[in-house]
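> mind looking at a prediction? Sequence and model below.
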Amino acid sequence: MLPTRTAQLMDGAGLARRVVEETATRAAELTRSTGVTPCLATVLVGEDPASVTYVRMKQARSAKAGILSRHVGLPATTTTAELVETITALSNDPTVHGILLQHPVGPHIDERAAFEAIAPGKDVDGVTMHSFAAMSFGLPGFVSCTPGGIMRLLEEYDVELAGKHAVVVGRSAILGKPAGMLLLAKDATVTYCHSRTANLSALVKEADIVVAAVGRPRLIRGEDIKPGAVVIDAGYNPGNVGDVDFDTARTRAGLITPVPGGVGPMTIAVLLAQTVEAAARQLGT
């Protein structure tokens, strides 16, 4: 019988605070040297309560980081063409340095078309095909924010990735797929899984690093965690429940992210850092 352990918690909230403080310092320096304050534009279609709350939280965090917020609220009846026109105008506006389209946008809208209207240099959320290609090829660009936050957490806790087996459970275009690409770039051996993967538990048991990003509460069970593995829970379900059964996984993992307080805060921190970086590039500094 394996001895019981208690995994070390990966404090995403604490790391995020430091990242935001560093971002605020850089934003202040940029404003002093150029006279321009970095600006993040948020676009929200409709009035979904969760999305409204999330956008307000991003605006509050932006203010702490010395970043201006410009919010564009559109009615739920907005068409794809109207949304694309709005985003194109922001892409062409030199006073806007980063653009965030809050999703979901509604089933009647072509979300991909809307994302692709974001100029690559302002895609601070890392949602365009250009950004995904840059992540995949290791070229300059902006990473998807949640995968970028995950990589910062792994770096902060000195997790060795080269030669390790990473299992990514989830295949979304802005979370699972780019997370795998970023891990691969660090010489991890990556296996992609999802909710329809046969023998999922057997594959998870082989993982040195597990990234759960499938949107299924407690899909990953503690008994499937390899002793000492690193567990990154990027899921968020009603009731502050992640995609990992935290209580049981913590008795086997070496490192684990809590929900909340793990990956979530890092997502916003990376968004703000990339907004200031986008402003610096556009201003030629």
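Structure's in. What do you need? Numbering: from 1, shown residues only.
> which element is R17 on?
Using DSSP states H and E, R17 sits within helix 12-34.
> ah, wrong one, I meant T275
According to DSSP H and E, T275 maps onto helix 263-282.
> if you compare the directions of that helix and helix 12-34, what angle comes out?
Counting by axes from the mean of the first three to the mean of the last three Cα atoms, to 10 degrees, helix 263-282 lies at 20 degrees to helix 12-34.
> wait, M10 touches Y157, no?
Yes. With contacts defined as Cβ atoms under 8 Å, M10 counts as touching Y157 at a distance of 5.8 Å. For every residue, glycine as well, the C-beta is placed using N, CA and C.
> what sits in contact with each of the two?
Among the neighbours of M10, those also in contact with Y157 (Cβ atoms under 8 Å, 6 or more residues apart in numbering) are L255.
> neighbour count for these two, which is higher?
It is M10, of M10 and Y157, that has more neighbours when counted by other Cβ atoms under 10 Å, with 26 against 15.
> from memory V159 sits against V230, does it?
Yes. The criterion here is Cβ under 8 Å, and V159 meets it with V230 at 5.5 Å.
> quick check: neighbours shared by the two?
I209, L255.
> which one's more surrounded, the two?
V230 (27 against 19).
> which residues are in contact with the more buried one?
For V230, the contact set (Cβ under 8 Å, 6+ apart) comprises L154, Y157, V159, D208, I209, V210, A253, G254, L255, I256.
> likewise for D110?
When contacts are counted by Cβ under 8 Å, 6+ apart, D110 touches T80.
> next one: A7
Here A7 is in contact with V231, A249, R250, T251, R252, A253, G254, L255, I256 (Cβ under 8 Å, 6+ apart).
> check T257 too.
By Cβ under 8 Å, 6+ apart, the neighbours of T257 are L9, M10, G12, L153, V231, I232, D233, A234, V263.
> apply 7 Å and report the result again.
Each residue near T257 by Cβ atoms under 7 Å, 6 or more residues apart in numbering is listed here: M10, G12, L153, V231, I232, D233, V263.
> repeat for V270
Contacts of V270 (Cβ under 7 Å, 6+ apart): C145, G148, G149, R152.
> cool, I232 as well?
Contact analysis of I232 by Cβ under 7 Å, 6+ apart lists I150, V210, V211, A212, T257, V263.
> farthest-apart pair in these, please.
V210 and V263 (12.6 Å; Cβ to Cβ).
> same for the helix or strand just after the helix holding R17, what does it pack against?
Toward the C-terminus, helix 12-34 is succeeded by strand 39-45 as the next helix or strand (DSSP H and E). Applying 3 or more Cβ pairs under 7 Å, 6 or more residues apart in numbering; DSSP states H and E, we find strand 39-45 packed against helix 49-64, strand 68-74, helix 80-91, strand 98-101.
> ok, L271 touching D125?
Yes. Counting by Cβ atoms under 7 Å, D125 is a contact partner of L271 at 6.2 Å.
> more crowded one of these two?
Neighbours per residue (other Cβ under 10 Å) separate L271 from D125, with D125 holding more: 29 against 26.
> any idea how far that one is from A229?
With distances taken as Cβ to Cβ, to the nearest Å, D125 is found 29 Å from A229.
> what does T23 give?
Relative to A229, and taking Cβ to Cβ, T23 is found at 31 Å.
> R5 now?
With distances taken as Cβ to Cβ, R5 is found 11 Å from A229.
> can you tell me the helix or strand for the closest residue to G222 other than its chain neighbours?
Spatial nearest neighbour of G222, excluding adjacent residues (Cβ to Cβ, 6 or more residues apart in numbering): T248 at 2.5 Å. In this assignment (DSSP H and E), T248 forms part of helix 246-249.
> ok, now V168?
Short version, using DSSP H and E: V168 is in strand 165-169.
> pLDDT (mean, whole number) over that strand?
In this model, strand 165-169 has a mean pLDDT of 98.
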